[in-house]
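>>> turn this into a structure:
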Amino acid sequence: MDGHRSDTIPTNLRLLLVLEQVAEADGPVTPTEVNAELGLPKPTIHRLFATLLEEGFLQRDMGGRTYLPGPRLRRMSGGVLSASPIQSARKAILRKLSGDLGETCNIALPDGDSMVYLERQETEWPLRIQLPPGTRVPLYCTASGKMYLSTLAPRMLDAYLSAVTLEARTPRTYSTPEALREALDAIRDRGHSEDRGEFMEDMIAVAVPVLDANGRLLATLSVHAPTSRMSLEDARGCLPRLVRAASDLAALVTD
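Coordinates of the predicted model:
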């Protein structure tokens with residue numbers, strides 16, 4: 001944005017412009033940083049931030065002085081992916097990917113302490129894992145959830161690790177915050193996440209991020225399968241096609 005002057009911004013547009021600035025930022029922002037672009041009176045920008053915070057469109061970073069997109073703003077971003085005609089294109093991308101890989105593929109969104117399946121294309125195999133759209137799954141033991149956790153700012157990740165109960169879903173579930181943190185470091189380095197049977201026994205998955213125009217995670221794209229049909233090594237072989245499909249999905253909302 002090219003430095004709005006406060007006297008040229010209609011009152012009913014100000015909240016939207018604040019949200020736009022927060023959404024485009026590379027990380028947590030302060031009201032002062034946002035106002036450098038908008039040029040509103042200081043009391044006004046703080047009042048706008050207070051309203052957006054109260055209504056759930058923004059949330060405070062762990063330090064308390066900066067702000068991040070809140071749950072309602074994140075749900076709005078997911079809604080963009082759900083919108084028609086984007087929805088039709090999204091389904092087509094997922095359908096082709098699942099057909100190429102021969103297994104179930106999912107798009108998931110972060111929501112609080114869970115990932116929510118936005119879209120799912122089932123495999124044609126009779127043996128399949130039933131996790132329909134709308135299903136919520138934990139962050140700490142799924143490929144999509146760990147992909148999201150690996151992108152969190154250090155303070156946000158520290159807060160999550162200090163609060164989460166690492167319920168043992170299988171013998172392979174990470175049982176300590178230290179072990180989970182080490183796994184997230186590896187995910188951050190390699191750019192994709194894996195589920196080695198941590199959520200369900202005899203099921204593997206790999207996930208890649210769907211990134212917005214600023215390189216931040218908007219959603220995750222994953223493939224999963226029973227180990228009787230696909231090994232984790234085989235799943236890693238799917239990564240080039242997953243990455244291409246994730247790029248195609250990102251282009252739906254960033255181009």
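
>>> name the nearest residue to the residue nearest the centre of the chain, sequence neighbours excluded.
Nearest to the mean C-alpha position of the chain, counting by Cα atoms, centre = their mean, stands A219 at 3.8 Å. On the basis of Cβ to Cβ, 6 or more residues apart in numbering, the spatially nearest residue to A219 that is not a chain neighbour turns out to be V210, at 4.3 Å. Heads up, the C-betas are built off the backbone N, CA and C, glycines and all.

>>> shouldn't the one you found be in contact with L249?
Yes - counting by Cβ atoms under 8 Å, V210 does reach L249; the two are 4.9 Å apart.

>>> look up how far S231 lies from P171.
Plainly put, P171 is 18 Å away from S231 if you go by Cβ to Cβ, to the nearest Å.

>>> more crowded one of these two?
Regarding P171 and S231, a neighbour count based on other Cβ atoms under 10 Å identifies S231 as having more, with 12 against 9.

>>> helix or strand next in line after the helix or strand containing S98, which one?
Using DSSP states H and E, the secondary-structure element containing S98 is helix 86-101. Counting by DSSP H and E, the element after helix 86-101 in chain order, helix or strand, is strand 104-111.

>>> other SSEs contacting the helix or strand following that following strand?
Using DSSP H and E, the helix or strand that directly follows strand 104-111 along the chain is strand 114-121. Using 3 or more Cβ pairs under 8 Å, 6 or more residues apart in numbering; DSSP states H and E as the contact test, the elements touching strand 114-121 are helix 71-82, helix 86-101, strand 104-111, strand 136-138, helix 143-149.

>>> do that again at 6 Å, thanks
In terms of contacts (3 or more Cβ pairs under 6 Å, 6 or more residues apart in numbering; DSSP states H and E), strand 114-121 is packed against helix 86-101, strand 104-111, strand 136-138.

>>> backbone dihedrals for the residue nearest to A219, please?
Per-residue torsions, V210: phi -100, psi 120 (degrees, to the nearest 10).

>>> and what of A153?
In this entry, A153 is assigned phi and psi values of phi -60, psi 150 (degrees, to the nearest 10).

>>> grab the nearest non-local neighbour of it.
Computed as Cβ to Cβ, 6+ apart, the closest residue to A153 that is not its neighbour in sequence is G27, at 6.5 Å.

>>> likewise R136?
Setting aside the residues directly before and after it, R136 is nearest to S114 in space (Cβ to Cβ, 6+ apart), at 4.1 Å.

>>> okay, that neighbour: pLDDT?
Residue-level confidence at S114 comes out at 88, pLDDT.

>>> now swap in H4 and tell me
Each residue has a pLDDT score; the one for H4 is 49.

>>> kindly report the same for P110.
Looking at P110, its pLDDT reads 85.

>>> also D7?
Among the per-residue scores, D7 holds a pLDDT of 56.

>>> can you find the helix or strand in the protein with the smallest mean pLDDT?
Counting by mean pLDDT, DSSP states H and E, the weakest-scoring helix or strand in the chain turns out to be helix 71-82, with a mean of 69.

>>> helix, strand or coil: sort out S222 for me.
The three-state label given to S222 by DSSP: H, G, I helix; E, B strand; the rest coil is strand.

>>> for A92, see how far away the spatially closest residue to it that is not a sequence neighbour is.
For S222, the nearest residue in space outside its immediate sequence neighbours is A207; the separation is 3.7 Å by Cβ to Cβ, 6+ apart. As defined by Cβ to Cβ, A207 lies at a distance of 20 Å from A92.

>>> which one's more surrounded, these two?
In this comparison of A207 against A92, neighbours counted by other Cβ under 10 Å, the higher total goes to A207 at 29 against 12.

>>> ok, L139 touching T151?
No - the pair L139 and T151 fails to qualify as a contact (Cβ atoms under 6 Å) at a distance of 11.4 Å.
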